[in-house]
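Student: Return a 3D structure for these sequence lines:
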Amino acid sequence: MSKEHFYNIIRSPAITEKGTLVSEHNQIVFNVARDATKPAIKKAIEGLFGVKVKSVNTLIRKGKQRRFKGQLATLSDVKRAYVTLEEGQRLDVTTGL
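Tutor: Below is the predicted model of the structure:
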């Protein structure tokens, strides 16, 4: 697979409060494509960053309803991947890709 395909799978790191808490357990949180599978996410992380991935857990956060200027709108669903790295592996996504 090419790096371009990897960037289509891995959209962005999810820099949230929970994301920083799980980083203590050698995990990183990424926003990924809705149709991405766990093996594809694992290959993309290993290919882009050169680290060994132990496991990948995914979830789909349902879009919330918000009001904007009196109109009701629904935010889109977001798929997230919690990536656990092997012991001794490290990745710092806060400094940029």
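Student: C-alpha only now, for contacts and for neighbours.
Tutor: Noted.
Student: so what's Gln27 up against?
Tutor: 82-85 (C-alpha atoms under 8 Å, 6 or more residues apart in numbering).
Student: all strands for the chain, in order.
Tutor: Assignment of strands within the chain using DSSP state E yields the ranges 10-13, 27-32, 53-61, 65-68, 71-74, 78-85.
Student: what pLDDT does Ser12 get?
Tutor: Ser12 is assigned 91 on the pLDDT scale.
Student: Can you report how many residues lie near it?
Tutor: Here the neighbour count serves as a burial measure; for Ser12 (other C-alpha atoms under 10 Å) it reads 16.
Student: What residues are recorded as beta-bridge partners of it?
Tutor: Ser12 has these beta-bridge partners by DSSP bridges: Asn31.
Student: And for Arg67?
Tutor: For Arg67, the beta-bridge assignment (DSSP bridges) gives partners Leu72.
Student: That one reaches Ala73, doesn't it?
Tutor: Yes - using C-alpha atoms under 8 Å as the test, Arg67 is close enough to Ala73 to be in contact (6.0 Å).
Student: For the contacts of Gln27, pick the one with the most neighbours.
Tutor: Looking at the contacts of Gln27 with neighbours defined as other C-alpha under 10 Å, the largest count falls to Val83 at 23 neighbours.
Student: so how far is Ile15 from the nearest residue to it once chain neighbours are set aside?
Tutor: Computed as C-alpha to C-alpha, 6 or more residues apart in numbering, the closest residue to Val83 that is not its neighbour in sequence is Val56, at 4.6 Å. Per C-alpha to C-alpha, to the nearest Å, Val56 is found 17 Å from Ile15.
Student: in this structure, which residue is closest to the centre?
Tutor: In the chain, the centroid-proximal residue (C-alpha atoms, centre = their mean) is Phe30; its distance is 1.3 Å.
Student: Hmm, Pro13 and it touching each other?
Tutor: Yes - using C-alpha under 8 Å, Phe30 makes contact with Pro13 at a distance of 4.2 Å.
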